[in-house]
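J.: Got a sequence here, can you model it:
(4 chains)
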2 protein chains.
Amino acid sequence: MARGANGASKQPTMWDVASLAGVSQASVSLVLNDAGRGRVSDATRERILDAVRELDYRTNAFAKSLRSGESGLIGFVSDEVASAPFAGRLLKGAQELAWETGHVILSVDSFGDDALEEAAIDMMRSYRVRGVVYGSMYHRVLRLPAALQDIPAVVLNAREADGKVPSFFPDEERGGYTATRHLLDAGHTRVAMINIQPPDSDLPAGIGRMAGYRRALEEAGVEFDERLVRYGGGVVEDGLALTRDLMAGPAAPTAIFCGNDRTAWGAYRALEALGLRIPDDCSIVGFDDQETLAPYLDPGLTTVALPFEQMARSALDTLLGTRPDEVSDHPIECSLVPRGSVASAKVHE
Amino acid sequence: MARGANGASKQPTMWDVASLAGVSQASVSLVLNDAGRGRVSDATRERILDAVRELDYRTNAFAKSLRSGESGLIGFVSDEVASAPFAGRLLKGAQELAWETGHVILSVDSFGDDALEEAAIDMMRSYRVRGVVYGSMYHRVLRLPAALQDIPAVVLNAREADGKVPSFFPDEERGGYTATRHLLDAGHTRVAMINIQPPDSDLPAGIGRMAGYRRALEEAGVEFDERLVRYGGGVVEDGLALTRDLMAGPAAPTAIFCGNDRTAWGAYRALEALGLRIPDDCSIVGFDDQETLAPYLDPGLTTVALPFEQMARSALDTLLGTRPDEVSDHPIECSLVPRGSVASAKVHE
DNA sequence: CAGCACGAGTTATACGAATGACGCCAGGGT
DNA sequence: ACCCTGGCGTCATTCGTATAACTCGTGCTG
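T.: Numbers count the residues shown, from 1 in each chain, chains lettered A, B, ... in the order given. Next comes the predicted model:
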């Protein structure tokens, strides 16, 4: 009789569980939420749990959220991030922390389409997300979409221009410093840099990495030498051509800091073509730690890793208010990944 | 007066809209859902829509889903897929089609942890997902998690062993055929293959690509020659060593089909070291179309692309029943991406 | 023995939206 | 005078859960 209501219905509800266990729906709720300490006897509690198992009952998240007003959902909006090679790592970091804190990620990629992006945010608000992580495909300075102005939001892998919400992005300057410092520490004094953007570009990556390079030189008392600096576009060919150019100059460097790994790959090629060996004849440090490239170069490329997971975790952490922060800009440290492309400067140099 | 209920409340509800417009909640619902044709006059309709705009009302997805029993959510469960370099592309394809059909993706990566995976699926059932896409990190044969047995599910980038649910995976055999055929069509008759797994491995990729290679040879009337086949592990070093080995043999090939792009990269290095030029002295075809590698090799690597987006779209399409299918196995075509690493065989060869 | 505290539940209601079943009024046909 | 039909809306209920408020019986205290 208690099972009378069964039949062909969809998912069992608390009422089904209650009638199977011979109690009221309220009691089921109390047991399942560990609420009302001591309001249900252990015997009853067991009967209820048995019924839950027998029916394979699982709570209806919608009813629960409707009642409670909270959803356990977190929005992740991105512009084409899901297709960039490292995209997954941002999502992964966010995912991990979300899960650890009992949340789930509702992710939508706008593929750069503003209308779609707005629709996505709208949808997320319909789902009463706890907050939205706005992830960028590359490090840039951006303006927050209007739709995100009045709900909790954080910006990931970019810097929000107006300081309205916390931003999390790689500390490019410090990364550049770390890379250069690593070469200086190995005894090199003629350290070149091949940057990945023209000098007048306003992307944080190139600007920051260059600034770090200069700070490291200055700190080490090595004079900045314009002749050791080149500007490319960040692709393999640039690395190739500019390295050739550098080595042909009057004062060839003994080490090169390449603004990214692709450029470093080009440098490898150029040096190989010139019959120079890495790291003995010239040391190289890259940037980005591209997982499909850096470890496979020969020798493995010493480079600086972008902290995707860490950025994402920090961003989510702040969004969830676990760590309510005043500061809005959060540069996250990029760490050096040593492989085989750096050697000590030759003593007789 | 109509606004009396405003104050510090959270999100506006249909009642708020209704009272602002001076109608009943039911009318608001009718207008917003375009239901009850002719049950609401145009004037009233306009008043309601104005109120909606003024309050920036958006429907509560939970209430709606609770009432309707449907959620518009689709689960995406993966094992570490979110961190693999191509992961995003699977998610991207799924995402696109989901969005086009008015759904949203609830994605969780289990990072290979079975308990976590089960919890994730459980959670998805709580959210009454329409179905679950179970995505694999690499093409393999897998068993469906028990928790997915009794809800709609499809397997992506893998083949489910027991034929319980539709599976979508790359058609490796045909891909191998296409690659080899491309070389044969260019006039090559001594076409080598460097596979990416030992002969006794049971991964579909290596088996299929090899089978395709043999079928193409057979179809072209070129006899299969064991001396032109090598087995590696799919990494750069293997490509390097095995290519060197192949070229040193008594009957060096004029073209090599490499089981993946990394292997092809190794082949590039070996050939370069031997002073042979690509494609003039030896043509190369790869497999995978790794976006961070294939286009940057010099010359660009002609390769076969894995159909991530297409697989994901087809999988979702089937899951949503747009195309209710009987067949459970869906090999998806891998297409050739021509770049610069293939040339016609020299006539005097 | 009145009174109270406590254990072990139950009842009733709210959350926000969708919808089948009504209500009400004006006009038209007979 | 009566009924019917259409147009325009409203009422009441339902979805599944959480929880404040209440009930009911016991045992204990003063």
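J.: distance between the ends of stretch A:56-65?
T.: 21 Å (CA to CA, to the nearest Å).
J.: For that stretch, list every residue counted as buried.
T.: A:57-62, A:64-65 (16 or more other CB atoms under 10 Å in any protein chain shown). (Glycine included, C-beta is placed from N, CA and C.)
J.: Sitting in strands, which of these do you find?
T.: With strands taken from DSSP state E, there is no overlap with the buried residues of stretch A:56-65.
J.: is it possible to export the residues you listed to CSV including distance to DNA strand C and pLDDT?
T.: Formatted as CSV, the buried residues of stretch A:56-65 follow (distance: CB to the nearest atom of the strand, whole Å; pLDDT from 0 to 100):
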residue, distance to DNA strand C, pLDDT
A:Tyr57, 16, 96
A:Arg58, 18, 94
A:Thr59, 13, 95
A:Asn60, 11, 96
A:Ala61, 13, 95
A:Phe62, 9, 96
A:Lys64, 9, 96
A:Ser65, 9, 95
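J.: Tell me the pLDDT of the residue in the stretch 101-250 of chain A positioned nearest to DNA strand C.
T.: Residue nearest to DNA strand C within the stretch 101-250 of chain A (CB to the nearest atom of the strand): A:Ser126, separated by 8.5 Å. A:Ser126 is assigned a pLDDT of 94 by the prediction.
J.: just to revisit the earlier point, just the ones of the buried residues of stretch A:56-65 in helices?
T.: Assigned to helices by DSSP state H, the following of the buried residues of stretch A:56-65 qualify: A:61-62, A:64-65.
J.: ok, so of these, who is nearest DNA strand D?
T.: Distances from DNA strand D to those, taken by CB to the nearest atom of the strand, are shortest for A:Lys64, at 4.0 Å.
J.: Can you report how many residues lie near the residue nearest to A:Pro250 when sequence neighbours are not counted?
T.: Nearest residue to A:Pro250 in three dimensions, chain neighbours excluded: A:Arg227, at 7.6 Å (CB to CB, 6 or more residues apart in numbering or on different chains). Applying other CB atoms under 10 Å in any protein chain shown, we find 12 residues neighbouring A:Arg227.
J.: and A:Arg227, helix, strand or coil?
T.: Put simply, A:Arg227 is helix when judged by DSSP: H, G, I helix; E, B strand; the rest coil.
J.: In contact with it, which residues?
T.: A:249-251 (CB atoms under 8 Å, 6 or more residues apart in numbering or on different chains).
J.: ranges for the helices of chain A?
T.: Under the criterion DSSP H, chain A contains helices at A:14-21, A:25-32, A:42-55, A:61-68, A:87-100, A:114-126, A:172-185, A:204-220, A:236-248, A:261-273, A:308-319.
J.: buried ones in the longest one?
T.: Residues of helix A:204-220 classed as buried under the neighbour-count rule (16+ other CB under 10 Å) are A:204-217, A:220.
J.: I'd like the distance between A:Asp162 and A:Leu293.
T.: 36 Å (CB to CB, to the nearest Å).
J.: out of the ones in helices among the buried residues of stretch A:56-65, who's near chain B?
T.: Counting by CB under 8 Å from any CB of the partner chain, A:61-62, A:65 from these sit close to chain B.
J.: Wait, A:Leu316 touches A:Ile74, no?
T.: Yes. If you go by CB atoms under 8 Å, A:Leu316 and A:Ile74 touch, sitting 7.1 Å apart.
J.: And for the nearest residue to A:Asp245 once chain neighbours are set aside, the neighbour number?
T.: Counting by CB to CB, 6+ apart, A:Asp245 lies nearest to A:Arg230, which is 6.6 Å off, once chain neighbours are set aside. Using other CB under 10 Å, A:Arg230 is surrounded by 21 other residues.
J.: again with A:Gly102
T.: Look at A:Gly102: counted by other CB under 10 Å, it has 9 neighbours.
J.: And the one 10 residues further on, by the same measure?
T.: Neighbours of A:Gly112 under the rule other CB under 10 Å: 11.
J.: and it, what does it touch?
T.: A:79-80.
J.: Please tell me how far it sits from B:Leu20.
T.: A:Gly112 is 36 Å from B:Leu20, by CB to CB.
J.: A:Leu228 contacts A:Ala251, correct?
T.: Yes. Using CB under 8 Å, A:Leu228 makes contact with A:Ala251 at a distance of 7.4 Å.
J.: which one of those two has more residues nearby?
T.: Using other CB under 10 Å, the more surrounded residue of A:Leu228 and A:Ala251 is A:Leu228, with 21 against 10.
J.: quick one, what contacts that one?
T.: A:190-193, A:246, A:251, A:253.
J.: what about A:Val337, neighbour count?
T.: 16.
J.: so who does it touch?
T.: A:289, A:294, A:302-305.
J.: B:Ala146 versus the closest residue to DNA strand D within the stretch 151-300 of chain A, what's the distance?
T.: Closest approach between the stretch 151-300 of chain A and DNA strand D, counting by CB to the nearest atom of the strand: A:Pro152, at 21.5 Å. From A:Pro152 across to B:Ala146, the span is 37 Å (CB to CB).
J.: So those two - more neighbours on which side?
T.: The residue with more neighbours, out of A:Pro152 and B:Ala146, is A:Pro152; 18 against 9, by other CB under 10 Å.
J.: Now do A:Ser24 against DNA strand C, distance only.
T.: Per CB to the nearest atom of the strand, to the nearest Å, A:Ser24 is found 3 Å from DNA strand C.
J.: and for A:Leu228 and A:Ala251, which residues touch both?
T.: Common neighbours of A:Leu228 and A:Ala251 (CB under 8 Å, 6+ apart) are A:Arg190.
J.: and the residue nearest to A:Pro250, how far is that from A:Ala251?
T.: 6 Å.
J.: and what of A:Glu172?
T.: Distance from A:Glu172 to A:Ala251, by CB to CB: 27 Å.
J.: Show me what the lowest-mean-pLDDT helix or strand in chain A is packed up against.
T.: Every helix and strand in chain A was compared by mean pLDDT, DSSP states H and E; the lowest is helix A:87-100, with a mean of 90. Under the contact criterion of 3 or more CB pairs under 8 Å, 6 or more residues apart in numbering or on different chains; DSSP states H and E, helix A:87-100 touches strand A:73-78, strand A:104-109, strand A:132-135, helix A:308-319, helix B:87-100, strand B:104-109.
J.: Partner strands of the shortest one and their direction?
T.: So the one you mean is strand A:132-135. Paired strands of strand A:132-135, with direction, are strand A:73-78 (parallel), strand A:153-156 (parallel) (DSSP bridges).
J.: same question, the last one
T.: On the basis of DSSP bridges, the sheet neighbours of strand B:104-109 come out as strand A:104-109 (antiparallel), strand B:73-78 (parallel).
J.: tally of neighbours for A:Ser68?
T.: For A:Ser68, using other CB under 10 Å, the count is 10.
J.: ok, it to DNA strand C distance?
T.: In terms of CB to the nearest atom of the strand, A:Ser68 sits 8 Å off from DNA strand C.
J.: Residues contacting stretch A:160-170, please?
T.: Applying CB under 8 Å, 6+ apart, the set of residues contacting stretch A:160-170 is A:139, A:141-144, A:148-149, A:153-159, A:204-205, A:306-307, A:311-312, A:314-315, A:318-319, A:325, A:327-332, A:334.
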